[in-house]
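Trainee: Here is my input; please provide its structure:
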Amino acid sequence: MGIIMRVKYRLSSLVLALLLIISFITACGGTSSTSTPEQTTAQPEAELTETQTETELTDNLPADLDFGGVEIKIIHRSDGDLLDQEIFSESETGDVVDTAIFRRNQQIEDRLNIKIKAIPIKATVHSGSEVNTAVKKAVTAGSDEYDIAVNQMSQMAPLAVEGMYLNLLNLPYLDFDQPWWVKDFITNLTIDNKCYLMAGDITIMMIGSTYLMFYNKNLYESMFRDSMYDLVNEGGWTLDSMYERVSGAYLDLNGNSKADKEDQFGYCTTSIRFIDALLVGSDVRITEKDENGQPYFVLEQNPKTYQFVEKAHSLLYDGTHSWVIKDDGRGDVEIFEMFNAGTVLYITYTMMGASKLRDMEDDFGVIPMVKFDESQPEYTTAPHNGFSALAIITTTQNPDAVAAFCEAMCAESYKSVTPAYYEIALKEKYSRDPETQAMLDLIRGSLKFDFGYVNSASLNSVMQQFRDLVNGKPDKVASTLAKNMTKCQKMLETYLEKYSELG
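Mentor: As a prediction, the model looks like this:
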C-alpha cells in the first residue's frame with residue numbers, strides 16, 4: 001500500500017476512533033473499553049478490512065476461561081509517572097489514561113477471574129537493573145514471587161539466555177498475529193521456535209518512546225514553498241532532502257559572528273541517542289537471518305552502512321547546519337528550549353516530546369524519521385531502547401493464566417488504553433492540525449525491529465557503536481567498524497550457543 005493511500009486509510013480509521021472516544025467522553029469522561037458484541041475473526045497478518053475499526057477486533061480467548069481468582073504478580077519499573085501508569089491505576093482519577101487503565105484491569109479481572117498485583121520497583125526509563133536483580137534473586141531461589149517482568153527492553157534481553165523466562169511460543173492463548181502485538185519484534189527475536197520477550201500495546205511506553213521528528217511550521221513556510229507533509233507523503237523525506245533544507249537555515253541571531261545556541265539552526269540534536277533514531281529511520285540492518293533462521297551480522301558487507309555514516313556525519317557537522325549538543329544531562333532540556341524559542345527547524349525526539357511543546361508559540365508539525373533515500377520503500381522507526389518489554393518468569397506456577405492475562409491485557413489496551421493515550425493525550429491536546437494526526441498514525445505503523453538492536457547489550461553494544469562512528473572521523477569508519485565487529489561476532493556466537501541450550 002502506498003504512503004498516500006495508507007495515510008488516507010489511517011485518517012478514515014482515525015475518524016471512527018475519534019467518534020468512539022467522543023461518545024465515551026460524553027458518557028463518562030474516558031475511553032471505552034467495550035468492544036462491539038459481534039465477534040470478528042483476525043484478518044491475515046492482522047490487517048483490518050476497510051469497514052472494520054480497531055475497537056471491533058476481539059481476541060480469540062475462550063469465553064469460559066476461569067482461573068479461580070489466581071493472583072497475577074507483575075514486577076515493573078516505577079518512576080512516579082508514566083512507568084507506573086502502564087500497569088496499574090488505583091481508581092478513576094479523572095485523568096483519561098488513568099481511568100482507561102483502571103477500567104481495563106477491572107474488566108480483565110472480572111473476565112478471567114484473576115487478581116492483578118502490581119509490584120513497583122523504583123527505577124527510570126533509562127534503567128532496569130533494579131528489576132533484573134529482583135527477578136534473578138527470585139528465580140535462583142525458586143520463588144514464584146513474580147509471574148511477569150515489565151522492564152526496559154535492552155536490560156531484559158540478556159536475561160533470556162540465562163533461563164529466566166519461559167518460551168512464549170510454548171504457551172497457550174498468546175496470538176502474536178494480532179495487531180496489538182508488534183509482530184516484527186516477535187519475528188526478529190524468534191530462533192529455533194523460541195522467543196522469550198514480547199512487546200505491544202500492553203505498555204504505553206511502546207508508543208510514547210517511538211522516535212519521530214518535530215518541525216517548526218512557521219520557519220519552514222518562511223523558507224520553502226512546498227509542503228513538508230507532501231514531501232513525506234510522496235516518499236521524498238530523505239537524508240539528502242533534509243540536508244538541503246537545513247543547509248540554508250542558519251542565522252547569527254545574536255550578531256557575535258560565532259555559532260552558538262542563541263542562533264538559528266536547521267537541526268538541533270544530541271551527539272548520542274538520537275543517532276540511534278537516524279539509524280533506524282534509514283533502515284540500516286544490523287543483522288539478517290540465514291536459511292536456518294539464525295541471525296548474522298550484515299554491517300560490514302553492506303555499502304549502505306558506510307553511506308549512512310557519511311550522510312549522518314555531514315548532516316550533523318558540515319558548516320553550521322546543525323547545533324549538536326554533547327550529552328551532559330541537559331541535552332533534552334536544551335533541545336526543547338531552542339525549539340520552543342522558534343530558532344530550530346527540525347528536532348528528533350519521541351512521541352512523549354509533544355507534551356513539552358504545549359506552550360510553544362510557533363506552530364509545529366510531526367513527521368516520521370527521515371529515510372535513507374527514495375529507494376527505501378517505507379519510513380521506519382523504533383522505540384528508544386528504554387521502552388517496556390515483557391517476559392513470563394520461569395518460576396510462575398500459573399503459566400496458562402499468565403499467558404491468557406497477557407493476551408487479554410494487550411488486546412484491551414489496544415482498544416481502550418492506546419486510544420486514551422495516543423488519540424487524546426497526543427492528538428487532541430498537543431497536535432495542531434489533521435495532517436499531524438495523520439503523520440502520527442503513519443509513524444505508529446512504521447515500527448521495525450532488528451535482532452541486533454534488541455540484543456545490543458549482549459553484543460558489545462553493536463547498535464550504539466554508530467554514535468561513535470557518526471561523531472568520529474569519516475576516514476576511520478571502515479577500520480573502526482572492523483575492529484568492533486570482531487568482538488561483536490564472538491559475542492554473537494556465544495549468545496547463540498547459550499540460546500541453543502535453552503529448553
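Trainee: Below-threshold pLDDT in the stretch 251-400 of the chain: ranges please.
Mentor: Where the stretch 251-400 of the chain drops to pLDDT under 70, the residues are 328.
Trainee: Break down it into its strands, ranges please.
Mentor: Counting by DSSP state E, counting those that start in this stretch, one finds strands in the stretch 251-400 of the chain at the ranges 265-270, 287-289, 295-297, 322-325, 344-350, 364-367, 388-392.
Trainee: Return the residues in contact with the residue nearest the centre of the chain.
Mentor: In the chain, the residue lying closest to the centroid (C-alpha atoms, centre = their mean) is P383, at 2.5 Å. Applying C-beta atoms under 8 Å, 6 or more residues apart in numbering to P383 gives the contacts M153, M205, M206, S209, T210, Y211, T350, L447. Placement of C-beta: from N, CA and C, glycine included.
Trainee: shouldn't the last one be in contact with F387?
Mentor: When you say that, I think you mean L447. No: using C-beta atoms under 8 Å as the test, L447 is too far from F387 to be in contact (10.3 Å).
Trainee: Where does pLDDT dip in the chain?
Mentor: 1-55, 328, 429-432.
Trainee: let's see 80
Mentor: 1-56, 80-85, 91, 93-94, 125-126, 327-329, 422-433, 503 (pLDDT under 80).
Trainee: Now do the particular helix or strand that has F466 in it: distance to the chain's middle.
Mentor: In this assignment (DSSP states H and E), F466 forms part of helix 465-471. In terms of C-alpha atoms, centre = their mean, to the nearest Å, the centre of helix 465-471 is found 21 Å from the chain centre.
Trainee: ok, then the element right after that helix?
Mentor: Downstream of helix 465-471 (by DSSP H and E), the next one is helix 477-501.
Trainee: Let me see the ranges of the strands in the stretch 1-150 of the chain.
Mentor: Going by DSSP E, counting those that start in this stretch, the stretch 1-150 of the chain shows strands at 70-78, 114-122, 148-152.
Trainee: Please save the CA atoms from the second one in CSV.
Mentor: Output in CSV follows, covering the C-alpha atoms of strand 114-122 (Å, rounded to 0.1, in the frame of the first residue of the first chain):
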residue,chain,number,x,y,z
ILE,A,114,-7.9,-13.3,38.3
LYS,A,115,-6.4,-10.6,40.6
ILE,A,116,-3.7,-8.2,39.3
LYS,A,117,-1.0,-7.4,41.8
ALA,A,118,1.4,-4.7,40.6
ILE,A,119,4.9,-4.8,42.3
PRO,A,120,6.7,-1.5,41.6
ILE,A,121,10.5,-1.2,41.8
LYS,A,122,11.9,2.3,41.8
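Trainee: Paired strands for it, with orientation please.
Mentor: Paired neighbours of strand 114-122 in the sheet (DSSP bridges): strand 70-78 (parallel).
Trainee: Over to the shortest one?
Mentor: Looking at strand 148-152 with DSSP bridges, its partner strands are strand 70-78 (parallel), strand 388-392 (antiparallel).
Trainee: what's the following helix or strand after that strand?
Mentor: Sequence-wise, the next helix or strand downstream of strand 148-152 (DSSP H and E) is helix 153-160.
Trainee: Tell me where the stretch 301-450 of the chain has helices.
Mentor: Assigned by DSSP state H, counting those that start in this stretch, the helices in the stretch 301-450 of the chain fall at 303-317, 331-340, 399-412, 418, 434-444.
Trainee: For S375, which of these is the nearest?
Mentor: Among the helices of the stretch 301-450 of the chain, the nearest to S375 by C-beta to C-beta is helix 303-317 (10.1 Å).
Trainee: Same question for the closest one: list its buried residues.
Mentor: K304, T305, Y306, F308, V309, K311, A312, H313, S314, L315, L316 (16 or more other C-beta atoms under 10 Å).
Trainee: I'd like to know which elements it is packed against.
Mentor: If contacts are counted by 3 or more C-beta pairs under 8 Å, 6 or more residues apart in numbering; DSSP states H and E, helix 303-317 sits against helix 239-246, strand 265-270, helix 273-281, strand 322-325, helix 465-471, helix 477-501.
Trainee: Could you dump these into JSON lines and include mean neighbour count?
Mentor: Shown next, in JSON lines, are those (neighbours: other C-beta atoms under 10 Å):
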{"stretch": "helix 239-246", "mean neighbour count": "19"}
{"stretch": "strand 265-270", "mean neighbour count": "24"}
{"stretch": "helix 273-281", "mean neighbour count": "24"}
{"stretch": "strand 322-325", "mean neighbour count": "22"}
{"stretch": "helix 465-471", "mean neighbour count": "21"}
{"stretch": "helix 477-501", "mean neighbour count": "15"}
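Trainee: want to throw these into a markdown table with distance to N254?
Mentor: Listed next are these as a markdown table, based on distance: least, C-beta to C-beta, whole Å:
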| stretch | distance to N254 |
| --- | --- |
| helix 239-246 | 20 |
| strand 265-270 | 13 |
| helix 273-281 | 25 |
| strand 322-325 | 13 |
| helix 465-471 | 26 |
| helix 477-501 | 35 |
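Trainee: In contact with M491, which residues?
Mentor: The neighbours of M491, taking C-beta under 8 Å, 6+ apart as the test, are S458, L459, N460.
Trainee: change it to 6 Å
Mentor: Counting by C-beta atoms under 6 Å, 6 or more residues apart in numbering, M491 touches L459, N460.
Trainee: related to what we said a few turns ago, identify, out of the strands paired with strand 148-152, the most deeply packed stretch.
Mentor: Mean neighbours per residue, mean count of other C-beta atoms under 10 Å, is largest over the strands paired with strand 148-152 for strand 388-392, with a mean of 25.
Trainee: hmm, who's touching it?
Mentor: Contacts for strand 388-392 (C-beta under 6 Å, 6+ apart): 148-150, 153, 156, 165-166, 196-199, 203, 205, 402.
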